[in-house]
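# Next one to model:
(chains A and B)
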Amino acid sequence: MSRTLQAPVTVSFDYTRSVGPVLGRFLTGLREGRLVAARTSDGRVVIPPPEFDPVTHLETDDFVEVSPTGVVTSWSWVPEPVAGQPFDRPFAFALVELDGATVPMLHALDVSSPDEVSTGMLVQVRWAEERSGLITDIACFEPVAGPDEVGDGVSGPGRARPELRDEAPTEQSRPGEATGEITTIITPVSLDYLYAASPEESAFYRGLLEGRILGQRCPTCHKVYVPPRSACPVDGVATTDEVELSDKGTVTTFCIVNVPFLGQKITPPYVSAYVLLDGADIAFLHLILDVPAEEVRMGMRVEAVWKPRDEWGTTIENISHFRPTGEPDADYDTYKQHL
Amino acid sequence: MSGLDRLDHRKNLAAVIGVGQTHHRAKREDVSMAGLCREAMDRALADANLGRDDIDAIVVGKAPDLFEGVRLPARYLAEALGAVGKPLLRVHTAGSVGGSTARVGASLVQAGVHTRGLTVAFVKQSASIAMWALSVPVPFNMPVHAGAGGYFAPHVRSYIRRSGAPTHVGAIVAAKDRQNALKNPYAHLQNKDTTVESVLASQMLWDPIRYDETCPSSDGACALVIADEDTARSATSPAWIHGQVMRSEATSAAERDQVNPQAGRDAAAYLWKQAGITNPLEEIDAAEIYVPFSWFEPMWLENLGFTPEGEGWRLTESGGTAMDGVLPVNCSGGVLSSNPIGASGMLRFAEAALQVRGQAGEHQVDGARRALGHAYGGGSQFFAMWVVGSERPTG
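All right, here's what the predicted structure looks like:
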C-alpha cells in the first residue's frame, strides 16, 4: 500500500481576457484574413505586434500588413502531440518569417514527417474555414506548392486538412460593441494534477475509513494536531505520537455562508464552523446541521454525524456534518485560546 | 536586538518620488494586463519626472496566478514593463503582495543595490472570479471553504466576542470608507448614499459580514518610483521611508491567535522602533490600513498598537478614525472601496506617500507629516508595513 493517498484534481475556468488595442487590431485582422504587423522604432517589422515598442516603450501605433507566405527560419518536430496542441498527429512547430516581416512568428506547420521540413523552405498560411479573431484563424502553415504540384489539383502528402484535436479547448473572441474590433477573448484553461496527501494526513484519512479520528502529538510542545501535520508548525519536529480523538467537540467560532459561488459543493445557507474535538489542540472546519443556523453559538457542544458505513471512503466527508449534543455550552475560558 | 534588527544601521536612505495608479473599476475591458500596468507605471514615472531609462530595476507583484490564469505573468510582461536589460523580480505574498513588493523595491535601494527602482502591482479580477479561485476544493477535505469572506468571517466573530464590541462598529467603518472614497477619483466604489443604516440593512453574506462590509472586486494597478537619497533630495516633495518591515507566520498552528496575529504585532513593534515612534496614535497623522472586511479596522488598530487590545472598536466608534479624527484611517476609501487585490497593498503604501507629500487631493489630511502604509495577506499570515514621512529621517 502506498504511504500516501492520492486523488486527481482538475482546476478549470474559462478566462476572460481583454486584449488591449494592439492585439485587438491583430486579432481583428486575422478575422478578416489579414496579417497585421507592427513597425517598431528600431526598424523591425514584428508579428504579432508587441503592445509596446521595445525601444521607446510607447504604445505601438505603426502597423503594416505582411504577406501570408514566408520562410521557415527554424523548426522543431513534435512526434507525440499532447492535448491542446494544433494536431493530433505528428507535426512541426516552426518559426516563420513572413514576407514583409523581419522577425519570425511561431505556429504549427502541417507536414507528415520531419523529412518534409527544412530551414529555408517556403510556407504559406492556411486559413481556418471560419475565422473569428483568434490566433487559430491561422489553422497552420503549409508548404508552398512545389512546381510539380502547381495546377495539377493533387494535394501533396502534407496538404490534408488538419484534424483539430477533439479535446483541445476552444477559444472564443468577442468584439467590442462600438467598433466591432476584437476586444476580448475567452480562454478555457484546464489544469489536471494528482493531489497527494502527506503520509500523516493519509493515516488520518485511512483512520476515517474505520470510523476513527487519529491525531498526532508534537513531542516538544505536546499539542495534538488533527488532521496531523508532517511536522509541528511551531517546533518543526515530526509529530509521531498518534492520538485517537473523540468525535465530540466544541464550536469555537463559525460563519454562516449565505453566498452562492461557482464550484460550491454545499448549497447555502450553511454553517461553516471551527470544531475543536475533545483532546485536540487545534480546531478544524466542518459543517453544522440539524439545528437552525441562527441557533449555532460559539461554545456549542457538537458531535459527528457519520454517513452510513457503506458510503465511507478515505475522507473527512465520512462525517456528514456535526450536530448539537444538547450538552450545556462549553465555558468561554475553555476555548478562548483557540480563537 | 534580534537578528532581524541587527543590520538596520547600515541602511541607506530611500524615498518615494513617484506614485501612479489606475482608475479602479470592476472591468477594465479596454486594456490588457500589460496596458493596465503601464497606465500606473507611466503615471508614476511622470510624477517622478523620470523616464523608463532612468530606472535600474523593476519589481512586480500580483495576486495568485489562478486569478488571471496566466502562469509566470512577469515573463509576458517583461517587455511592457520596460524590464529588458534590467533586473525583474516578482514578489508573491497573497493579498499583502502589493505591500511586500514596495518593501522589496525599498530594500533594493536602501541596500545600495539600485539607485532608482520601480515597483508595480496589479490584478485583473475580471478575468475570473476570485471566490472560485480561492475556493478550489482539496481532495479528502470538507468543501466548506467559501472565499476570503468565508475564511475571515469566523475570526471577525471571534473578535466581536473577545472585545465585546457592539455589532454596528463594522458598519461605521464601511460607511466611513465609502464616504472617503467620494473624495478619491481613482476609487472604484462611488456610492454617495452609503450610511451606517444602509450598511446594516445590506444582505448578510458570511454572517457576521454583510455585503456592504466587503470589498469590491476590481481591476487595477499601482506603481511607485523609489529612489536613493541623492535622487530624492532633488525631487519634488519626496516621501522618505522611515521604516519598513515584513513578518510571516504559519497559516495554522495550535492556539495561533487569528484575531491579533503575532507576526502583525511583531512587525508593528519593529516598525515603530525603526521610525522612532513611541506613541503611534499621537505621532502618525494618517494611516492606510488593509481593511478588506470592515471589522479589520478595529482588529488591526489593536494589532498595530494604536490602541490597547480589545479597544480598537472604541476608537472607530468615537469617530477617531474619520478624516477629522485623531487617526484618519483610509482617507482614500481603502480596500473597502477599491480592491484590485494584487495592487491593494501597494495602494496603501502609495496613499501613505501621497499624504506626506501633500498630494492626496481632496482626501488630503492637512499637514500630514508621517503616515502608515499596511498590508496583510494569506490567512492573516503575511504582514508588510512602512512609515513614510515628509522630512528626511535623522539619526
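
# So which residues of the stretch 251-395 of chain B form helices?
Along the stretch 251-395 of chain B, the stretches classed as helices by DSSP state H, counting those that start in this stretch are B:262-275, B:280-283, B:296-303, B:312-317, B:334-337, B:341-357.

# what does the first one contact?
This points to helix B:262-275. Residues from elsewhere that reach helix B:262-275, judged by Cβ atoms under 8 Å, 6 or more residues apart in numbering or on different chains: B:4-5, B:8, B:242-249, B:256, B:277-278, B:280, B:300, B:303-305, B:370, B:372, B:376, B:380-387, B:389, B:393. To be clear about C-beta, it is placed using only N, CA and C from the backbone, and glycine gets the same treatment.

# Find the residue ranges of chain A scoring beneath the pLDDT cut-off.
Within chain A, the ranges that satisfy pLDDT under 70 run A:1, A:146-169.

# what packs against the helix or strand bottoming out on mean pLDDT in chain B?
In chain B, the helix or strand scored least confidently by mean pLDDT, DSSP states H and E is helix B:130-133, which has a mean of 83. Here helix B:130-133 touches helix B:147-163, going by 3 or more Cβ pairs under 8 Å, 6 or more residues apart in numbering or on different chains; DSSP states H and E.

# Can you confirm whether the helix it packs on lies near chain A?
Yes. Counting by Cβ under 8 Å from any Cβ of the partner chain, chain A is contacted by helix B:147-163 at B:147, B:149-150, B:153-158, B:161-162.

# circling back: would you list the buried entries among the contacts of helix B:262-275?
Among the contacts of helix B:262-275, those classed as buried by neighbour count (16 or more other Cβ atoms under 10 Å in any protein chain shown) are B:242-249, B:256, B:277, B:280, B:300, B:303-305, B:370, B:372, B:376, B:380-387, B:389, B:393.

# how about the strands in chain B?
Taking DSSP state E as the criterion, chain B carries its strands at B:14-21, B:57-62, B:88-91, B:116-124, B:204-207, B:209-210, B:219-228, B:239-248, B:286-288, B:370-377, B:382-389.

# Sorry, wrong one. I was asking about the stretch 201-339 of chain A.
Secondary structure of the stretch 201-339 of chain A (DSSP state E, counting those that start in this stretch): strands located at A:213-217, A:224-225, A:241-245, A:248-257, A:270-277, A:284-288, A:301-306, A:319-324.

# If I take the fourth one and strand A:301-306, what angle do their directions form?
Taking axes from the mean of the first three to the mean of the last three Cα atoms, to 10 degrees, one finds that strand A:248-257 is oriented at 90 degrees with respect to strand A:301-306.

# count of neighbours near B:Glu213?
29 (other Cβ atoms under 10 Å in any protein chain shown).

# That one and B:Val291 touch, don't they?
No. Counting by Cβ atoms under 8 Å, B:Glu213 does not reach B:Val291; the two are 9.8 Å apart.

# any residues in contact with both of these two?
In contact with both B:Glu213 and B:Val291: B:173, B:336, using Cβ under 8 Å, 6+ apart.

# hang on, the earlier thing: ok, which of the strands of chain B comes nearest A:Val103?
For the strands of chain B, the distance to A:Val103 is smallest for strand B:88-91, at 21.6 Å, taking Cβ to Cβ.

# The closest one packs against which elements?
When contacts are defined as 3+ Cβ pairs under 8 Å, 6+ apart, strand B:88-91 packs onto strand B:57-62, helix B:73-77, helix B:97-110.

# quick one, what contacts B:Ser248?
B:Ser248 makes contacts with B:93, B:263, B:381-383, as judged by Cβ under 8 Å, 6+ apart.

# among those residues, which two are most distant?
Maximum distance among the contacts of B:Ser248 (Cβ to Cβ): 11.5 Å, for B:Thr93 and B:Ala263.

# And the two? Which one has more around it.
Ranked by neighbour count (other Cβ under 10 Å), B:Thr93 and B:Ala263 place B:Thr93 first, with 24 against 20.

# I'd guessed that one sits against B:Tyr376; true?
No. In this structure B:Thr93 lies outside contact range of B:Tyr376 using Cβ under 8 Å: 9.3 Å.

# Identify the contacts common to the two.
Residues touching both B:Thr93 and B:Tyr376 (Cβ under 8 Å, 6+ apart) are B:382, B:384.

# Now do the contacts for B:Leu200.
For B:Leu200, the contact set (Cβ under 8 Å, 6+ apart) comprises B:168, B:171, B:210.

# Mind doing that once more with 7 Å?
By Cβ atoms under 7 Å, 6 or more residues apart in numbering or on different chains, B:Leu200 lies in contact with B:168, B:171.

# middle-most residue in chain A, spatially?
A:Leu191 (3.8 Å; Cα atoms, centre = their mean).

# Checking that one next. Helix, strand or coil?
Secondary structure, DSSP: H, G, I helix; E, B strand; the rest coil: A:Leu191 is strand.

# quick one: it and B:Asp65, what's the gap?
From A:Leu191 across to B:Asp65, the span is 10 Å (Cβ to Cβ, to the nearest Å).

# Ok, A:Thr4 next?
26 Å.

# do A:Val111 as well
Distance, A:Val111 to B:Asp65, by Cβ to Cβ: 35 Å.

# same check, this time on B:Pro238
The span separating B:Pro238 from B:Asp65 equals 34 Å under the rule Cβ to Cβ.
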